[in-house]
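Asker: pasting the sequence and the predicted model now:
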2 protein chains.
Amino acid sequence: MAENFADRLLAAIEAKGSPVCVGLDPVLDRLPPGFPEQVKRTWPRLQEDLEELASVAAVQAFCDEVIKAVADVVPAVKPQIACFERYGYAGVAAFTEVVRAAQRRGLIVIADVKRGDIGSTAAQYAAAHLAGENAPDAITVSGYFGADGLMPFVDAAREAGKGIFVLVRTSNPSAAEIQDFADASGRKFYEHIAEWVARVGAGEGLVGDSGYSCVGAVVGATFPAEARRLRQIMPRQIFLLPGYGAQGATAADCAAAFKADGTGAIVNASRSVIYAFGKPEYADMSWPEAIAAAAKAFAKDVRQAIAAGR
Amino acid sequence: MAENFADRLLAAIEAKGSPVCVGLDPVLDRLPPGFPEQVKRTWPRLQEDLEELASVAAVQAFCDEVIKAVADVVPAVKPQIACFERYGYAGVAAFTEVVRAAQRRGLIVIADVKRGDIGSTAAQYAAAHLAGENAPDAITVSGYFGADGLMPFVDAAREAGKGIFVLVRTSNPSAAEIQDFADASGRKFYEHIAEWVARVGAGEGLVGDSGYSCVGAVVGATFPAEARRLRQIMPRQIFLLPGYGAQGATAADCAAAFKADGTGAIVNASRSVIYAFGKPEYADMSWPEAIAAAAKAFAKDVRQAIAAGR
């Protein structure tokens, strides 16, 4: 059997010294000034109908630079497929190249795809994103369909040594409006999902030597009280924590999701790192240097907050 | 402003005489015997690394035949993107071609993508699937993120005259395990989502002349009692009803989701129609004839059940 994803992720975290992840969410009009034009100039005879392909090329080239800038600092990157999918098939091709580029540099790749459907369709999504030589190391998935929708992902992950992170508590402001729906005892819907993820994730062949499961959970860092409670409900799940930085969560907020031994979660920052070149404190650096510096500051910030929280 | 999607869909239903939809869920090993090989023969110098592209070509060619076979019978088709995405970027290119092929034949295309994320990412997905000349007429989306995750889809739909169907009650056996989570008054989670969809879908510029909103709902036909209750909660939503046929729902089950005037829903059948050539009753027909005959039988079955239910 392939090596357990949880074990691999924990080893990568240990090797890099910080449980952090950089999100690759490239949006064309936020790329470094002049960069898209620079990439476009490498397309010598650019015709009008190639404009979109040039945008894709810029997005991909930008991610390649981000990957180079952060590869020695963080254990993982999280490419956001929506940012690629918007360019159609060419964007999807670029997404695969970005996944491979990150893996070639030794990074764990958590593809943020948030797929989910009934069982027969989930099997197709699992074939798309967890099987084959171009597959990322893990993906995010929806839990809304229940067991028969989730199991194709779980089975594919077990078989291929991959991981999945099930959406439990999202990081956005409106999350509470939907996910805080409570039963008579005050138990919330996202806790209901969490209990189920804990059960599913304890299944045979899913828990690694580290004691963690390859079935993890997405838990918004923007809700530390909820994360603390979820840490109790899901002892074997690695939490993927979005929300640091641009969405407002601090490293101290993130610390709530870790166990006393400092393991159990990985913090993602996307926009605050990959667009760091716009910040005054990095004004005297090239844009790849600014991204590298922001990644280092991010990793250090999280490391210190976890240490302070013990 | 572009024409309202709900009005367009209702007009298409009226023109074809049945509120039915054929799902395009092509899976290679279920295509007609010999058909993939036949398509592959049209690739004259097929090398091994083109094997996957030949599979994509077979899937696309199959969908083209299905579209031709059902275009005069049903108002809409529902291509399942997972079945294409599993072939990577080439599959996504084929998906776009299938969407266009169906639109060229005058069909409403409901792309079953089930996308959803936080607002900034949802905006990227909306750009991917609701904007531009290759966009389908409507997509399915997740409601799990709440308002800020949904609004980019709603806004894109309003602007472009497109539709969205928010996942409320899914059609699979495990749906109840997650979605029946109930509050102190016995109100279920999927009803909580439904009430919210009804509110959002009544927003300015969303309701068409027909009285229906371009914000619809996915409601599994496999749960008629739930569908009846949801019909009350969401008076302005068109229901997309998966689950007929292969998943076990009958036309009588589907009738529960319609209003007394026979409007308000569209029934989807995928496998029971597109793989109908395997059934004994169609044994004496070519496979496109079998698909056409199954689509006609499906449309008639639903039409009669709605009439009987009035």
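Answerer: Yep, it's here.
Asker: show me what contacts the nearest residue to A:Val215 once chain neighbours are set aside?
Answerer: Once its chain neighbours are removed from consideration, A:Val215 has its nearest residue in A:Gly201; the separation is 3.4 Å (C-beta to C-beta, 6 or more residues apart in numbering or on different chains). (C-beta placed from N, C-alpha, C; glycine too.) Going by C-beta atoms under 8 Å, 6 or more residues apart in numbering or on different chains, A:Gly201 touches A:Val207, A:Ser213, A:Cys214, A:Val215, A:Gly216, A:Met234, A:Arg236, A:Gln237.
Asker: 10 Å instead?
Answerer: A:6, A:154, A:164, A:166, A:207, A:212-217, A:234-238 (C-beta atoms under 10 Å, 6 or more residues apart in numbering or on different chains).
Asker: buried subset of the residues you listed?
Answerer: A:6, A:154, A:164, A:166, A:207, A:212-217, A:234, A:236-238 (16 or more other C-beta atoms under 10 Å in any protein chain shown).
Asker: chain B: which of the residues you listed is nearest?
Answerer: A:Val166 (11.0 Å; C-beta to the nearest C-beta).
Asker: would that closest one count as being in a strand?
Answerer: Yes. With DSSP: H, G, I helix; E, B strand; the rest coil as the criterion, A:Val166 is assigned to a strand.
Asker: quick one, strands of the stretch 151-300 of chain A?
Answerer: Under the criterion DSSP state E, counting those that start in this stretch, the stretch 151-300 of chain A contains strands at A:163-169, A:215-219, A:239-241, A:265-269.
Asker: report the distance from the second one to the chain centre.
Answerer: Looking back up the chat, that one is strand A:215-219. Mean C-alpha position of strand A:215-219 versus that of the full chain (C-alpha atoms, centre = their mean, to the nearest Å) differs by 10 Å.
Asker: below-threshold pLDDT in chain A: ranges please.
Answerer: Counting by pLDDT under 70, chain A has low-confidence residues at A:1, A:40, A:42-50, A:310.
Asker: distance from the top helix by length along it to the middle of the chain?
Answerer: Selection of the longest helix in chain A by residue count, based on DSSP state H, yields helix A:287-309. With C-alpha atoms, centre = their mean as the basis, helix A:287-309 stands 17 Å off its chain's centre.
Asker: buried sites along it?
Answerer: Taking 16+ other C-beta under 10 Å as the basis for neighbour counts, the residues of helix A:287-309 that come out buried are A:287-288, A:290-299, A:301-303, A:305-306.
Asker: which elements pack onto that helix?
Answerer: With contacts taken as 3 or more C-beta pairs under 10 Å, 6 or more residues apart in numbering or on different chains; DSSP states H and E, helix A:287-309 sits against strand A:20-24, helix A:51-70, helix A:251-255, strand A:265-269, helix A:271-274.
Asker: distance to chain B and mean neighbour count added to those, as a markdown table?
Answerer: Formatted as a markdown table, the entries for the helices and strands packed on helix A:287-309 read as follows, by distance: least, C-beta to the nearest C-beta, whole Å; neighbours: other C-beta atoms under 10 Å in any protein chain shown:
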| stretch | distance to chain B | mean neighbour count |
| --- | --- | --- |
| strand A:20-24 | 10 | 29 |
| helix A:51-70 | 9 | 21 |
| helix A:251-255 | 16 | 23 |
| strand A:265-269 | 12 | 29 |
| helix A:271-274 | 8 | 24 |
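Asker: any chance of those in a markdown table, plus distance to B:Gly278?
Answerer: Conversion of the helices and strands packed on helix A:287-309 to a markdown table gives the following (distance: least, C-beta to C-beta, whole Å):
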| stretch | distance to B:Gly278 |
| --- | --- |
| strand A:20-24 | 43 |
| helix A:51-70 | 40 |
| helix A:251-255 | 53 |
| strand A:265-269 | 46 |
| helix A:271-274 | 50 |
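Asker: A:Thr170: which of those is closest?
Answerer: Minimum separation from A:Thr170 across these (C-beta to C-beta) falls at strand A:265-269, 12.6 Å.
Asker: and the closest one, what other elements does it pack with?
Answerer: Based on contacts counted as 3+ C-beta pairs under 10 Å, 6+ apart, the elements that strand A:265-269 packs against are helix A:5-16, strand A:20-24, strand A:76-79, strand A:108-115, strand A:215-219, strand A:239-241, helix A:251-255, helix A:287-309.
Asker: closest one to B:Gln124 among the helices and strands packed on helix A:287-309?
Answerer: For the helices and strands packed on helix A:287-309, distance to B:Gln124 was read as C-beta to C-beta. The smallest value, 11.1 Å, belongs to helix A:51-70.
Asker: please compute how far that closest one lies from its chain's middle.
Answerer: From the chain centre to the centre of helix A:51-70 is a distance of 18 Å (C-alpha atoms, centre = their mean).
Asker: one more: stretch A:229-239?
Answerer: Using C-alpha atoms, centre = their mean, the distance between the centre of stretch A:229-239 and that of its chain works out at 17 Å.
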